[in-house]
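Novice: Got a sequence here, can you model it:
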Amino acid sequence: MSRLIYDYTKSVLERVSFDTKLFCKELDKAVKMLLPYEIEQLTEWLINFTREKPELKSCLLIINK
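Specialist: The predicted model follows:
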């Protein structure tokens, strides 16, 4: 079940990536919901994903709270 949440989180983040504010909000919710090892995986995914969308890089600070 946990893997489903992780995959769903990535899907949501991809869909809202057009809006930085919404992306940050969804990322914040995801960090509260995911397990620590999933957050590590999500961090790696986000680093790759935000290479193409530099306007979203500021949202990565949410993970480092």
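Novice: average pLDDT across the helix or strand harbouring Lys32?
Specialist: Taking DSSP states H and E as the definition, one finds Lys32 inside helix 20-33. Per-residue pLDDT values over helix 20-33 give a mean of 96.
Novice: now Glu52, what's its secondary structure?
Specialist: Judged by DSSP: H, G, I helix; E, B strand; the rest coil, the three-state class of Glu52 is coil.
Novice: OK, contacts around the residue most central in space within the chain?
Specialist: With distances taken as Cα atoms, centre = their mean, the chain has Leu27 as the residue nearest its mean C-alpha position (4.4 Å). Under the criterion of Cβ atoms under 8 Å, 6 or more residues apart in numbering, the neighbours of Leu27 are Leu13, Leu46, Cys59, Ile62, Ile63. For glycine as for every other residue, the C-beta is placed from the backbone atoms N, C-alpha and C.
Novice: Just give the closest residue to the second one, not the sequence neighbours.
Specialist: Think Leu46. On the basis of Cβ to Cβ, 6 or more residues apart in numbering, the spatially nearest residue to Leu46 that is not a chain neighbour turns out to be Leu60, at 6.0 Å.
Novice: tell me how far the following helix or strand past the helix holding Lys32 is from the chain's mean position?
Specialist: Stepping forward along the backbone from helix 20-33, the first helix or strand reached (DSSP H and E) is helix 36-49. Between the mean C-alpha location of helix 36-49 and the chain-wide mean there is a distance of 7 Å, by Cα atoms, centre = their mean, to the nearest Å.
Novice: what packs against the worst-scoring helix or strand of the chain on mean pLDDT?
Specialist: Using mean pLDDT, DSSP states H and E, helix 2-15 stands out as the lowest-scoring helix or strand of the chain, at a mean of 92. Of the remaining helices and strands, those touching helix 2-15 by 3 or more Cβ pairs under 8 Å, 6 or more residues apart in numbering; DSSP states H and E are helix 20-33, helix 36-49.
Novice: who's in contact with the last one?
Specialist: What it means is helix 36-49. With Cβ under 8 Å, 6+ apart as the criterion, helix 36-49 contacts 2, 5-6, 9-10, 13-14, 17, 27, 30-31, 34, 56, 59-60, 63.
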